[in-house]
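K.L.:
Return a 3D structure for these sequence lines:
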Amino acid sequence: MSRGACLVVAALLLTGCSGSDEPSPVQGADQTNSGAAVAERSTEVIVEQTVADPAAPDDQVTIGVQSLTVEGTTMVLRLIVTPDFAVTSDSEEISLADALGTGALRFGVTLRLLDRENLKEYSVIHDIAGQRWASDNSDEVSSTNGEPMYVFAVFAAPEDDIDSVDVLLREVWPEFSDVPITR
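P.N.:
As a prediction, this is how the structure comes out:
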């Protein structure tokens, strides 16, 4: 079976056997951040940083890595993204795309996991139609100033026996170094 076929099978298994109240990565791709599930989510993070888009330095966003977990043939990165935009009222919605400064690019296009030890780079998985296995960066995923957005991205599991990777969200931001992988 080809690697692509294996990934499709893995996606089908993930959607049918999540075993928890939290949506599987594929199911959560088009879901919003509203509702009771958000109130129950943990805000614990492994590491976080506050960054700004060079074009709008007063508009900051705090990004926290919640987990990087291998689940079979995939690895799921979970983040908390909290905007703090100086030019936006506290009641105005801020989309994930605006918070990350990606504009029309889909979340996950620039996101990379770097295994420097083995000189490998992991990108967000996508299907044949180009749909990325990551949170939707349209207005579907949004929040207001100071309110967290819970987002995810799915990658192929590491090919090598590694314990951590570096996470790069955008070239203009510092990367998260040595983010631990949970198996």
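K.L.:
for the protein, which spans come out with low pLDDT?
P.N.:
1-40, 103-105, 137-139 (pLDDT under 70).
K.L.:
Show me where it has its helices.
P.N.:
For the chain, the helices defined by DSSP state H cover 3-16, 36-40, 96-100.
K.L.:
what packs against the last one?
P.N.:
Contact partners of helix 96-100 among helices and strands, from 3 or more CB pairs under 8 Å, 6 or more residues apart in numbering; DSSP states H and E: strand 74-85, strand 149-156. Quick note: C-beta positions are derived from backbone N, CA and C, even for glycine.
K.L.:
So which of those is nearest F176?
P.N.:
strand 74-85 (9.6 Å; CB to CB).
K.L.:
what about the longest strand in this structure?
P.N.:
strand 56-71 (DSSP state E).
K.L.:
Next, the angle from that strand to strand 74-85.
P.N.:
Orientation note: strand 56-71 sits at an angle of 160 degrees relative to strand 74-85 (axes from the mean of the first three to the mean of the last three CA atoms, to 10 degrees).
K.L.:
Same list, the helices and strands packed on helix 96-100, but as TSV with mean neighbour count please.
P.N.:
Rendered in TSV, the data for those read as follows (neighbours: other CB atoms under 10 Å):
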stretch	mean neighbour count
strand 74-85	22
strand 149-156	23
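K.L.:
out of those, which comes closest to E92?
P.N.:
Of all these, strand 74-85 sits nearest to E92, with 8.4 Å by CB to CB.
K.L.:
Can you tell me which helices and strands the closest one packs against?
P.N.:
Partner elements for strand 74-85 (3+ CB pairs under 8 Å, 6+ apart): helix 3-16, strand 56-71, helix 96-100, strand 149-156.
K.L.:
picking that back up, could you export the helices and strands packed on helix 96-100 as a markdown table, including distance to E93?
P.N.:
Listed next are those as a markdown table, based on distance: least, CB to CB, whole Å:
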| stretch | distance to E93 |
| --- | --- |
| strand 74-85 | 10 |
| strand 149-156 | 11 |
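K.L.:
Excluding chain neighbours, give the residue nearest to H126 in space.
P.N.:
Spatial nearest neighbour of H126, chain neighbours left out: R132 (4.7 Å); criterion: CB to CB, 6 or more residues apart in numbering.
K.L.:
Same check on R116?
P.N.:
Closest residue to R116 apart from its sequence neighbours, by CB to CB, 6+ apart: D166 at 6.5 Å.
K.L.:
residues in contact with that neighbour?
P.N.:
Counting by CB atoms under 8 Å, 6 or more residues apart in numbering, D166 touches L113, L114, R116, E175, F176, S177, D178, V179.
K.L.:
Could you check how many residues crowd around the residue nearest to H126?
P.N.:
20 (other CB atoms under 10 Å).
K.L.:
distance of it from K120?
P.N.:
Per CB to CB, to the nearest Å, R132 is found 19 Å from K120.
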